[in-house]
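Engineer: turn this into a structure:
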Amino acid sequence: MIGAILPWVIIGSSALLIMLFTAIKRDHIYTALLTISGLSIALITQLINVNTISYSNDLISINSTTSLLSALMILLALMLSLQLYPWLNKISDPKEEYYMLFLLACLGALVVVVSEHFASFFLGLEILTLSIVPMILYCDKDSGALEASIKYFVLSSIASAFILMGIGLIYFATGTLIFSEIPQQLAIGTATASDSELFFIVGSLMILLGISFKLSLAPCHLWVADIFEGAPLATTAVLATLAKAAVFTLFWRLLMISDWQLYPPLISVLSFVAILSMLAGNLLALLQSNILRLLAYSSIAHFGYLLLGPLAMTSAVSLPGGESLAAQASVFYLCAYMLTLLGIFILLIYLKNQHKLENFHLDSLKGLYWREPMSAFVMTILMLSLAGIPLTIGFFGKFYLVMAAVNSQLWWLLGVLVIASIIGLFYYLRIIMIMLEKVASKTDKQNRPLQPMYILLMSFIVLMVVGLGVLPNLLIVAIEAATIF
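Structural biologist: The predicted structure is shown next:
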């Protein structure tokens with residue numbers, strides 16, 4: 001058991017050490033190095049665990065799939081942690097507590113990913129959420145951050161209340177909180193079987209409502225743009241990548257284990273959410289003039305795309321092997337989207353720290369190709385990946401989802417995906433065209449040398465985005481070996 005949860009122990013111990021040493025003496029450099037070292041060791045340990053260690057009890061299930069996804073969570077956290085020091089070094093507030101909250105958020109995400117029980121799921125979710133709230137408010141002199149933190153705290157509390165109510169109804173219907181035992185309890189033929197199914201469906205819909213908020217799926221998406229714009233950029237990156245990836249992974253596993261495909265009302269509602277998210281996300285993003293708000297609405301659409309994977313797995317008319325294909329497509333697209341989105345946030349953090357981006361209005365990107373050619377080149381590749389252009393990981397991720405949807409004959413959803421992707425192409429290409437505009441600026445001749453860590457991160461991200469777009473088999477083989485569905 002200790003080997004299976006060793007990455008948790010390392011990350012939790014790192015957070016505890018930071019808290020203890022901060023109480024004795026504050027040292028920003030030491031805290032940053034401790035955070036990076038802890039996450040690096042945890043990532044190596046987690047990668048070793050993939051396909052080698054499995055552990056399961058009533059609360060958690062650690063297998064090859066959850067180990068691979070846990071490794072993705074730690075990788076995202078590690079890459080982001082490398083850019084925390086330059087940002088925190090420029091603010092006047094105490095810095096060490098942010099690293100502790102950051103590690104606790106990562107720990108909460110790992111617990112959510114491997115949850116096998118509603119108690120562990122809710123515990124991990126609250127650790128994640130309650131760590132993010134103070135991270136949003138970390139720059140307390142920023143009125144936008146204060147507003148964003150209050151909105152997120154209140155709305156997240158309401159979403160958690162819906163999830164708790166749904167868990168209560170499912171427990172009333174089945175008498176268990178263990179995911180894998182829910183279908184067995186519902187299958188027991190009793191005089192109250194129809195009532196149990198009704199309570200299960202209502203409870204599941206309430207959980208879907210709560211999770212739709214956490215993932216900012218339409219129609220529970222109205223908060224996301226304000227939070228993305230108001231929160232500190234590093235916190236926005238955590239919320240957009242680590243938090244959402246963990247919640248989606250749990251939701252995906254819950255759908256499969258609890259046999260939602262046996263209940264047409266649940267599948268119909270989920271299909272409606274997917275369609276609405278794909279269309280609303282792209283249409284709203286098309287109207288934005290702020291890149292953070294654009295990315296916020298774009299994330300709605302991308303998680304709408306991701307819902308095609310679970311829906312393809314639950315389809316009653318899929319061809320042989322469809323469930324496995326859909327599972328692999330979901331994991332591949334999640335990896336592709338998270339790596340691409342994190343790359344964009346790291347790039348924005350760097351530009352903001354170097355005062356090469358006045359604000360996050362799209363006009364501030366004008367002439368970026370002439371002021372920061374490397375950053376503009378990387379941004380172009382990342383935008384093309386989000387748009388699903390060939391030779392990028394985003395293209396193959398979307399192609400993989402299309403294959404799964406065709407295999408499961410989800411024609412309506414597939415049609416909406418194509419239309420939504422065409423709409424999305426406009427605003428991604430618009431960003432590239434804005435960067436290409438030639439604008440006279442006094443800063444053109446004041447270029448500062450690029451930071452080595454930034455060059456390293458951007459090189460790694462470009463290698464992943466383009467390399468896995470050209471040679472997707474490198475990731476597909478790993479996913480096929482780890483996917484147990």
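Engineer: helix or strand with the lowest mean pLDDT in this structure?
Structural biologist: Counting by mean pLDDT, DSSP states H and E, the chain has its least confident helix or strand at helix 182-187, which shows a mean of 78.
Engineer: how far off centre is the helix or strand following that helix?
Structural biologist: Per DSSP states H and E, helix 182-187 leads on to helix 193-214 as the next helix or strand towards the C-terminus. Counting by CA atoms, centre = their mean, to the nearest Å, helix 193-214 is centred 23 Å from the centre of its parent chain.
Engineer: ok, now stretch 235-249?
Structural biologist: Worked out by CA atoms, centre = their mean, stretch 235-249 lies 3 Å from the chain centre.
Engineer: cool, stretch 419-439 as well?
Structural biologist: Its chain's C-alpha centre and that of stretch 419-439 lie 23 Å apart, by CA atoms, centre = their mean.
Engineer: what does it contact?
Structural biologist: With CB atoms under 8 Å, 6 or more residues apart in numbering as the contact definition, stretch 419-439 has outside contacts at 278-279, 281-283, 285-286, 288, 291, 294, 298, 301, 304-305, 362-363, 365-370, 376, 379-380, 383-384, 386-388, 398. Placement of C-beta: from N, CA and C, glycine included.
Engineer: buried set for it?
Structural biologist: 420-421, 423-425, 427-428, 431-432, 434-435 (16 or more other CB atoms under 10 Å).
Engineer: what's the farthest-apart pair in those?
Structural biologist: Ala420 and Met435 (23.9 Å; CB to CB).
Engineer: pull the contacting residues for His302.
Structural biologist: His302 neighbours (CB under 8 Å, 6+ apart): 281, 337, 386.
Engineer: nope, Thr35 is what I meant
Structural biologist: 14, 18, 81, 84, 99, 102-103.
Engineer: how about a cut-off of 7 Å?
Structural biologist: 14, 81, 99, 102-103 (CB atoms under 7 Å, 6 or more residues apart in numbering).
Engineer: could I get these in TSV, plus columns for secondary structure and distance to Asp93?
Structural biologist: Shown next, in TSV, are the contacts of Thr35 (DSSP: H, G, I helix; E, B strand; the rest coil; distance: CB to CB, whole Å):
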residue	secondary structure	distance to Asp93
Ser14	helix	21
Ser81	helix	18
Tyr99	helix	13
Phe102	helix	14
Leu103	helix	18
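Engineer: got a winner among those for most neighbours?
Structural biologist: Counting neighbours by other CB atoms under 10 Å, Leu103 comes out on top of these with 28 neighbours.
Engineer: which SSE is Thr129 in?
Structural biologist: Using DSSP H and E, Thr129 sits in helix 118-136.
Engineer: and that helix, what does it pack against?
Structural biologist: Contacts defined by 3 or more CB pairs under 7 Å, 6 or more residues apart in numbering; DSSP states H and E place helix 118-136 against helix 96-114, helix 143-174, helix 233-237.
Engineer: just the strands in the protein please.
Structural biologist: Under the criterion DSSP state E, the chain contains strands at 55-56, 61-62.
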